[in-house]
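**Student:** Here you go, sequence then predicted model.
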Amino acid sequence: MKTDTKISAKKSWAKSLASPAAEFPLTQLSVKTGKIPDGLRGTLYRNGPGRLERGGVAAGHWFDGDGAILAVHFTDVGATAVYRYVQTAGYLAEEKADKFLYSNYGMTAPGPVWLRWTKTVKNAANTSVLALPDRLLALWEGGPPHRLDLQTLETQGTDDLGSLDSKFVYSAHCKRDPITGNIFNFGVTNGATTKLNLYKSDFTGQVVQQSTVALDGIYALHDFVFAGKYLIFFIPPVQVNFLPLLTGISSYSESFQWKPELGTQILIFDSETLSLVSRGETEPWFQWHFANGFVKEDGSVAVDFVRFADFQTNQRLKEVPTGETSTDAEGTLCRVHLNPLTAKVIGIEELLDKPCEFPVVPADEVGQDARYIYLAMYRPDVDIVPERYGAIARLDTQSRNLTIADCGENRYPAEPIYVPDISSEKGWIVTVIYDGNSDSSEVWIFDSDGLSREPVCKLELPGVIPLGFHGTWKSAV
């Protein structure tokens, strides 16, 4: 458990992770500055690790924390918010025992080494969320989603999406086709053969189609891209060393090995049939997140993503729970041009030469040629190694103009979410800010066309929301 004395010597962002986050019930939010836009109606959902310590023992990696969901409801009478941990079986068992009991991404199960292989991996439910018409799904990398009530965030157990086996894996980065409403996702299952399983669901979340492709080894596969006619995977050259993982000597994070000689594999699937269209290979890189993909007029495909030179980013993220990051590992926004019929790379260009992450486009432009990409980045002129992202920005992919919203010293924004106005063609950017100056969290709302200006509204949250991962917006209409 970190002490206040140690935290004071660290960067301000570390305070948000220093203690387990406290839940709060549905609470009316106070407007700190400005006014909630009249056309902003719906709910912001955010997911992230809320607890990174138990019984005085720290989690092994930022990815290990118990998932906690924030919901901010915007209605005609103002904004309310609720914050709750996902009540997974692992969370409930560890709450009762007040100690870690399970393996996770960056942790091995406690106890003798010869018994660790018998312990299950805890579903942390901490990475992202999917808002469906009748429920919210808390998503994680290595297991099924958990079902929550859209208003109260009450956990209702795991969700089989209508027909799937209880052991299926449904990853954290699903993609929704704004034209058909279909939802695409994947899951990697390990055994005698590693399998990449593809899922297509209708707008209700019910799985209506599946397919499977074999992979050679266990890879660190976090995200994929929907590009209209195609689903595209970049499989980086990061593989698991099986023996220490299976014997319980090392965690997944510690067992992954960077093997640049393997190159980056490219798998392209038909989004209608889920059949494999092409498979290719290119130079080595690593990526966590894609911004978007689309088919160009000449039939080629453009894919926008944050590219890292290697897997050192994993070590940097491992350092986050300690409150001190020393590994210099940053990615930049790139665009890869592909021939989808051969999976061959036509060209690679850098869209933004500044470190950044969490790239998103408006939900109704996913899979199309979206002009604007929104992302998190560093404030100008900061020492990026010990810091976290202190700004959000909009990149115009046509003009390459970058508009930055500098959140100020010791203020740290979450991934920016684009929200359409329900009564006009305007759009808003909504993010959750941790303010290290006051050790508090707020919701900030920006005009999407005016990120360089002050937020149009700031709302005070009743508790600290730790630095987290991904969110979504569910419109009221």
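**Tutor:** Thanks, I have it.
**Student:** Run through the helices of the stretch 101-250 of the chain in chain order.
**Tutor:** 113-116, 242-246 (DSSP state H, counting those that start in this stretch).
**Student:** What is the very next helix or strand once past the last one packed up against?
**Tutor:** Once helix 242-246 ends, the next helix or strand along the chain (criterion: DSSP states H and E) is helix 252-255. Contact here means 3 or more Cβ pairs under 8 Å, 6 or more residues apart in numbering; DSSP states H and E; on that basis helix 252-255 packs against helix 242-246. (Each C-beta comes from the backbone N, C-alpha and C, glycine too.)
**Student:** What would stretch 149-165 look like as PDB? C-alpha coordinates only.
**Tutor:** Output of stretch 149-165 as PDB, limited to C-alpha atoms (Å, rounded to 0.1, in the frame of the first residue of the first chain):
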ATOM      1  CA  ASP A 149     -28.100  -2.600 -15.300                       C
ATOM      2  CA  LEU A 150     -27.900   0.500 -17.600                       C
ATOM      3  CA  GLN A 151     -29.100   2.800 -14.900                       C
ATOM      4  CA  THR A 152     -27.900   1.500 -11.500                       C
ATOM      5  CA  LEU A 153     -24.900  -0.600 -12.700                       C
ATOM      6  CA  GLU A 154     -26.100  -3.500 -10.700                       C
ATOM      7  CA  THR A 155     -24.100  -6.600 -11.800                       C
ATOM      8  CA  GLN A 156     -26.400  -9.400 -13.100                       C
ATOM      9  CA  GLY A 157     -23.800 -12.100 -13.800                       C
ATOM     10  CA  THR A 158     -21.900 -13.100 -17.000                       C
ATOM     11  CA  ASP A 159     -23.600 -12.800 -20.300                       C
ATOM     12  CA  ASP A 160     -23.600 -15.500 -23.000                       C
ATOM     13  CA  LEU A 161     -24.800 -13.300 -25.800                       C
ATOM     14  CA  GLY A 162     -27.600 -15.600 -26.400                       C
ATOM     15  CA  SER A 163     -26.000 -18.900 -27.200                       C
ATOM     16  CA  LEU A 164     -22.200 -19.000 -26.400                       C
ATOM     17  CA  ASP A 165     -20.400 -21.500 -24.200                       C
END
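**Student:** Now it: buried residues?
**Tutor:** By neighbour count on 16 or more other Cβ atoms under 10 Å, the buried set for stretch 149-165 is Leu150, Leu153, Thr155, Thr158, Asp159, Leu161, Leu164.
**Student:** List the contacts of it.
**Tutor:** 26, 43, 69, 71, 73, 82-84, 86-88, 123, 131, 134-138, 143-148, 166, 168, 170, 199, 201, 205-207, 474 (Cβ atoms under 8 Å, 6 or more residues apart in numbering).
**Student:** Are any of those residues buried, and if so which?
**Tutor:** Buried positions within the contacts of stretch 149-165, assessed by neighbour count (16+ other Cβ under 10 Å), are 43, 69, 71, 73, 82-84, 86-88, 123, 131, 135-138, 143-148, 168, 170, 199, 201, 205, 207, 474.
**Student:** for Asp364, helix, strand, or coil?
**Tutor:** Using DSSP: H, G, I helix; E, B strand; the rest coil, the structure places Asp364 in helix.
**Student:** ok, which stretches of the stretch 351-477 of the chain are strands?
**Tutor:** Taking DSSP state E, counting those that start in this stretch, the strands of the stretch 351-477 of the chain run over residues 356-360, 372-377, 391-396, 402-406, 411-413, 417-420, 427-435, 440-447, 457-460, 471-475.
**Student:** buried stuff in stretch 185-198?
**Tutor:** Asn185, Phe186, Gly187, Val188, Thr189, Asn190, Thr194, Leu196, Asn197, Leu198.
**Student:** I'd like the residues you listed written out as a markdown table, with distance to Ala214 and pLDDT added.
**Tutor:** Formatted as a markdown table, those follow (distance: Cβ to Cβ, whole Å; pLDDT from 0 to 100):
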| residue | distance to Ala214 | pLDDT |
| --- | --- | --- |
| Asn185 | 19 | 97 |
| Phe186 | 14 | 96 |
| Gly187 | 14 | 94 |
| Val188 | 11 | 90 |
| Thr189 | 11 | 86 |
| Asn190 | 12 | 78 |
| Thr194 | 7 | 86 |
| Leu196 | 8 | 94 |
| Asn197 | 11 | 95 |
| Leu198 | 13 | 97 |
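**Student:** out of those, which are inside strands?
**Tutor:** Among those, the members found in strands (DSSP state E) are Asn185, Phe186, Gly187, Val188, Thr189, Thr194, Leu196, Asn197, Leu198.
**Student:** Tell me who's in contact with the first one.
**Tutor:** Residues near Asn185 by Cβ under 8 Å, 6+ apart: Tyr170, Ser171, His173, Cys174, Lys175, Leu198, Tyr199, Ser201.
**Student:** one more time with 7 Å
**Tutor:** Residues near Asn185 by Cβ atoms under 7 Å, 6 or more residues apart in numbering: Tyr170, Ser171, Cys174, Tyr199.
**Student:** Counting neighbours, what do you get for the second one?
**Tutor:** Ser171 is surrounded by 23 other residues when neighbours are defined as other Cβ atoms under 10 Å.
**Student:** and it, what pLDDT?
**Tutor:** pLDDT for Ser171: 96.
**Student:** My read is that it contacts Gly187, right?
**Tutor:** Yes: using Cβ atoms under 7 Å, Ser171 makes contact with Gly187 at a distance of 5.4 Å.
**Student:** hmm, back to that, using CSV, lay out the strands of the stretch 351-477 of the chain together with distance to Ala21.
**Tutor:** Below are the strands of the stretch 351-477 of the chain laid out as CSV (distance: least, Cβ to Cβ, whole Å):
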stretch, distance to Ala21
strand 356-360, 20
strand 372-377, 20
strand 391-396, 22
strand 402-406, 25
strand 411-413, 15
strand 417-420, 20
strand 427-435, 11
strand 440-447, 10
strand 457-460, 16
strand 471-475, 15
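**Student:** mind checking which of these is nearest Glu53?
**Tutor:** strand 427-435 (17.6 Å; Cβ to Cβ).
**Student:** Relative to that closest one, what are the paired strands and their orientations?
**Tutor:** When pairing is defined by DSSP bridges, strand 427-435 lines up against strand 411-413 (antiparallel), strand 417-420 (antiparallel), strand 440-447 (antiparallel).
**Student:** May I see those strands organised as CSV, with mean pLDDT, distance to Phe224 and mean neighbour count added?
**Tutor:** Supplementary listing: these in CSV, determined by pLDDT from 0 to 100; distance: least, Cβ to Cβ, whole Å; neighbours: other Cβ atoms under 10 Å:
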stretch, mean pLDDT, distance to Phe224, mean neighbour count
strand 411-413, 97, 25, 23
strand 417-420, 97, 20, 22
strand 440-447, 98, 29, 22
